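In: Task: produce atomic coordinates for the following.
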Amino acid sequence: MKYHQIDRTLFIKNRAKFMAQMKPQSVAVFNSNDIYPISADSSLPFAQHRDIFYLSGVDQEESILLLFPDAPYEHQREILFLKETSEHIAIWEGEKLTKERAFEVSGIRTVYWLQDFEKILFEMMTYSEIIYINTNEHYRATVETETREARFIKWWKDKYPAHTVAKSNPILQRLRSIKETEELDLIQKACNITELGFRRLLSFVKPNVTEYEIEAELIHEFVRNRSKGFAYTPIIASGNNANVLHYIENNQQCKAGDLILLDVAAEYANYSSDMTRTIPVSGRYTSRQKEVYSAVLRVKNEATKMLTPGTLWKQYHIEVGKIMTSELLGLGLLDNADIQNENPDWPAYKKYFMHGTSHHMGLDTHDYGILIEAMQPNMVFTVEPGIYIPAEGFGIRLEDDVIIQESGEPFNMMRNIPIEIAEIEELMNS
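Out: Residues are numbered from 1 along each chain as shown. Here you go, the predicted model:
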């Protein structure tokens, strides 16, 4: 891995929190992700399942974590199963975790090779009554590929039909949504790398540069600072491309006078950052672009103030909608008749701002969090309003990542990334 090793005390704490929520006489099993094939002997780069990483720090394929807090013997309460390494594997694939190294990474003392899993699981099942399975229940999940976790669940149900089933996901949704200090530091590191990439762009962008050249500048800066790269597929949308919310082609030339919407951010140690800025190709915003930009920035600033403990996600978005409506009236994009005749299920402002303002962020860019429950300290949220005007050939979105505090306004992890018009213009023309 490119990142510095994370202190194993984080994963020890995470496991303790999870096991404290488990029912008596229960076992929980977590599988790594597959390495997904492309064609012939090609495969996608491995990306670890965030849940097993959260609980163990193990960032390696074909790994399994078993937790059994009521096991009869202490050494059975936390068990890691790893693909057995060898000199041959080290030569062809690179060094894999040894049992000793796995303890250094995870704090788990009991480590077996993967071939022992079924035998050890059988013993644990004879002592237990319940098994926690790890289904994906994220509100945005759309999973068509059968995962390693799904194959395990099918196998386990056939092998041990008399056991009661429980779900890991509701526990993890709550635990992962509230970050430990070490996690906040890792997210801040990802934000800092994102800042380096963005500042690099401000002196690079000029008329006729291509969107993919901008992408190349970013990946260069991210990787040279120990990131694997983008936390999500980058959006580098010039001109009217910005009005396609998930534009990812990044293959057009940036024309003088246009804006570029950059929804781009680095990961670090599997933790995400998530940033959006909108900059002028020519280094100066037009008066109309400034007018709309300033409106979006005001909405972002006002929305940020509302991210406090006890806030409900749904009500928050209703309030943001009211602020956006006021700004759109000021811009002449809406009039009073639009408001009076609006559909309550699709308010008038959504013609120009059709997506949500905030989502949880952490190990996943759209991270775990139960949206019907109130916000709590140490949750990390994005704040990302936008105004999209196809008729005028541009769209503007601005986005920062913030930590909810015990009281008062949240802490902005992207406070040092230029966002004010004057600073961006100065840096682009210096």
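In: Going by C-alpha atoms from here, please, whenever you check contacts or count neighbours.
Out: Will do.
In: which residue ranges form the helices in the protein?
Out: Secondary structure of the chain (DSSP state H): helices located at 9-20, 50-56, 87-92, 99-106, 117-127, 148-159, 169-177, 181-202, 211-223, 287-305, 313-330, 336-340, 421-428.
In: Buried residues of stretch 62-81, list them for me.
Out: 62-71, 76-81 (16 or more other Cα atoms under 10 Å).
In: er, stretch 353-368 I mean
Out: 353-354, 357-368.
In: ok, now stretch 338-357?
Out: 347-349, 352-354, 357.
In: one step back: take the helices of the chain and lay them out in TSV including mean pLDDT and distance to residue 383.
Out: Output for the helices of the chain, formatted as TSV (pLDDT from 0 to 100; distance: least, Cα to Cα, whole Å):
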stretch	mean pLDDT	distance to residue 383
helix 9-20	98	27
helix 50-56	98	23
helix 87-92	73	44
helix 99-106	96	33
helix 117-127	97	44
helix 148-159	96	32
helix 169-177	97	16
helix 181-202	98	14
helix 211-223	98	22
helix 287-305	98	6
helix 313-330	97	11
helix 336-340	95	24
helix 421-428	98	18
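In: Looking at those, spot the one closest to residue 411.
Out: Checking the helices of the chain against residue 411 by Cα to Cα gives helix 287-305 as the closest, at 9.4 Å.
In: Does the closest one pack against any helices or strands, and if so which?
Out: helix 313-330, strand 380-383, strand 386-389, strand 394-397 (3 or more Cα pairs under 8 Å, 6 or more residues apart in numbering; DSSP states H and E).
In: Compare the ones you listed and give me the one nearest residue 114.
Out: The nearest among the helices and strands packed on helix 287-305, by Cα to Cα, is strand 380-383 at 35.5 Å.
In: which residues touch the closest one?
Out: Defining contact as Cα atoms under 8 Å, 6 or more residues apart in numbering, one finds that strand 380-383 is touched by 177-179, 274, 300, 303-304, 357-362, 398-404.
In: cool, and stretch 30-43?
Out: By Cα under 8 Å, 6+ apart, stretch 30-43 touches 44-49, 51-52, 60-66, 133-134, 147-149.
In: in it, what counts as buried?
Out: For stretch 30-43, the neighbour count (16+ other Cα under 10 Å) marks 30-35 as buried.
In: With stretch 185-204 instead?
Out: Buried-residue list, stretch 185-204, by 16+ other Cα under 10 Å: 186-202.
In: what's it in contact with?
Out: By Cα under 8 Å, 6+ apart, stretch 185-204 touches 214, 217-219, 221-222, 225, 227, 264-269, 271-275, 362, 413-414, 416-418, 424, 427-430.
In: Name only those of these that count as buried.
Out: With burial judged by 16+ other Cα under 10 Å, the buried subset of the contacts of stretch 185-204 is 214, 217-219, 221-222, 225, 227, 264-269, 271-275, 362, 413-414, 417-418, 424, 428.
In: thinking again about what came up before, what's the PyMOL line that selects buried ones from the contacts of stretch 30-43?
Out: Per 16+ other Cα under 10 Å, the buried members of those correspond to this PyMOL selection:
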select buried, resi 48+49+51+52+60+61+62+63+64+65+66+133+134+147+148+149
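In: Including pLDDT and distance to residue 328, could the buried residues of stretch 338-357 go into JSON lines?
Out: As requested, those are exported to JSON lines (pLDDT from 0 to 100; distance: Cα to Cα, whole Å):
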{"residue": "347", "pLDDT": "97", "distance to residue 328": "12"}
{"residue": "348", "pLDDT": "97", "distance to residue 328": "10"}
{"residue": "349", "pLDDT": "98", "distance to residue 328": "7"}
{"residue": "352", "pLDDT": "98", "distance to residue 328": "8"}
{"residue": "353", "pLDDT": "98", "distance to residue 328": "10"}
{"residue": "354", "pLDDT": "97", "distance to residue 328": "13"}
{"residue": "357", "pLDDT": "98", "distance to residue 328": "16"}
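In: ok, of those, which one's closest to residue 173?
Out: Nearest to residue 173 among those, with distances taken as Cα to Cα, is residue 357, at 20.1 Å.
In: Quickly note the distance from the closest one to residue 187.
Out: According to Cα to Cα, to the nearest Å, residue 357 and residue 187 sit 20 Å apart.
In: Residue 257 now?
Out: In terms of Cα to Cα, residue 257 sits 34 Å off from residue 187.
In: who's in contact with the closest residue to residue 116 other than its chain neighbours?
Out: In space, and not counting its chain neighbours, residue 116 is closest to residue 81: 7.8 Å by Cα to Cα, 6 or more residues apart in numbering. Applying Cα under 8 Å, 6+ apart to residue 81 gives the contacts 63-65, 111-114, 116-117.
In: from those residues, which single one is nearest residue 18?
Out: residue 65 (12.6 Å).
In: my read: the closest one touches residue 80, true?
Out: Yes. If you go by Cα atoms under 8 Å, residue 65 and residue 80 touch, sitting 4.8 Å apart.
In: picking up where we left off before, make CSV out of the buried residues of stretch 30-43 and add pLDDT and distance to residue 128.
Out: Listed next are the buried residues of stretch 30-43 as CSV, based on pLDDT from 0 to 100; distance: Cα to Cα, whole Å:
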residue, pLDDT, distance to residue 128
30, 98, 17
31, 98, 19
32, 97, 23
33, 96, 26
34, 95, 28
35, 93, 31
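In: Including distance to residue 342, could the residues you listed go into a markdown table?
Out: As requested, the buried residues of stretch 30-43 are exported to a markdown table (distance: Cα to Cα, whole Å):
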| residue | distance to residue 342 |
| --- | --- |
| 30 | 47 |
| 31 | 48 |
| 32 | 48 |
| 33 | 46 |
| 34 | 47 |
| 35 | 48 |
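In: List the ones among those residues that fall in strands.
Out: Counting by DSSP state E, the buried residues of stretch 30-43 place 30-31 in strands.
In: which among the buried residues of stretch 30-43 gets closest to residue 169?
Out: The closest of these, once distances to residue 169 are taken by Cα to Cα, is residue 30, at 10.9 Å.
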